[in-house]
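> Show me the folded form of this:
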Amino acid sequence: MTGLVALGSRLTVAAAPRLALPLRLTVVLALAVSGYVHAERYIHGYEHIAWIGPMFLIQAGGSAALTLLLLAGAWLREPPWLLPAGVALAGGALAGFALSRTVGVFGFVERGWQPAPQAALSVVAEAVVLLTYAVAAARAARPR
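A predicted model of the protein is given here:
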């Protein structure tokens, strides 16, 4: 896996962590939960909300695709962008959640942890993706 790192005036490619199977399955499960919650919310009301409905559908579809690709990546050679794409998707969903509870997203504002329990499930699942990636990156950065 690769990531971009700026060194002085040069931009170089640095290795990103490859997930061990238990961590990979954790990310796969968390992305699946996040995608399911977003699909469920889309089907049960959010499809009628301008901008928000399509974003929930994109999040659900992206989660489903990345879930399958990350699962297959345990046995096949995966592209270097795959895990960072999952992290970006989870991070974007968390950012959208925070914005929707503060300043709003395209005029859409929600309060607290509503709808319950979907809001909490989604936030926990997305946080798990980010934390699992952070653990893998920390392990990869340790000298051997």
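> rest of the way, CA atoms for contacts and neighbours
OK.
> Now residue 70: closest residue in space that isn't a chain neighbour?
residue 28 (6.6 Å; Cα to Cα, 6 or more residues apart in numbering).
> What is the three-state secondary structure of that neighbour?
helix (DSSP: H, G, I helix; E, B strand; the rest coil).
> Surely it touches residue 69?
No. Contact criterion Cα atoms under 8 Å: residue 28 and residue 69 do not qualify, at 9.1 Å.
> Assign residue 34 to helix, strand or coil.
helix.
> For burial, what's the neighbour tally of it?
28 (other Cα atoms under 10 Å).
> For the remainder of this discussion, apply numbering that starts at 52.
In the new count, where the first residue is 52, that last one comes out as residue 85.
> circling back: out of residue 79 and residue 120, which sits in the busier spot?
Using other Cα under 10 Å as the criterion, residue 79 and residue 120 rank with residue 79 on top: 22 against 17.
> So which residue is dead centre in the chain?
Residue closest to the mean C-alpha point of the chain, counted by Cα atoms, centre = their mean, is residue 141 at 1.9 Å.
> What does residue 159 show for phi and psi?
phi -90, psi 120 (degrees, to the nearest 10).
> Tell me how far it lies from residue 104.
11 Å (Cα to Cα, to the nearest Å).
> Next one: residue 143 from residue 174, what distance?
11 Å.
> Tell me, how many residues neighbour the residue nearest to the residue nearest to the centre of the chain when sequence neighbours are not counted?
In space, and not counting its chain neighbours, residue 141 is closest to residue 177: 4.8 Å by Cα to Cα, 6+ apart. Residue 177 has 28 neighbouring residues, counting by other Cα under 10 Å.
> Likewise for the one 4 residues further on?
Neighbour count of residue 181, defined by other Cα under 10 Å: 20.
> and the closest residue to it other than its chain neighbours, what is it in contact with?
The shortest distance from residue 181 to any non-neighbouring residue, by Cα to Cα, 6+ apart, is to residue 138 (6.0 Å). By Cα atoms under 8 Å, 6 or more residues apart in numbering, the contact set of residue 138 is 180-181, 184.
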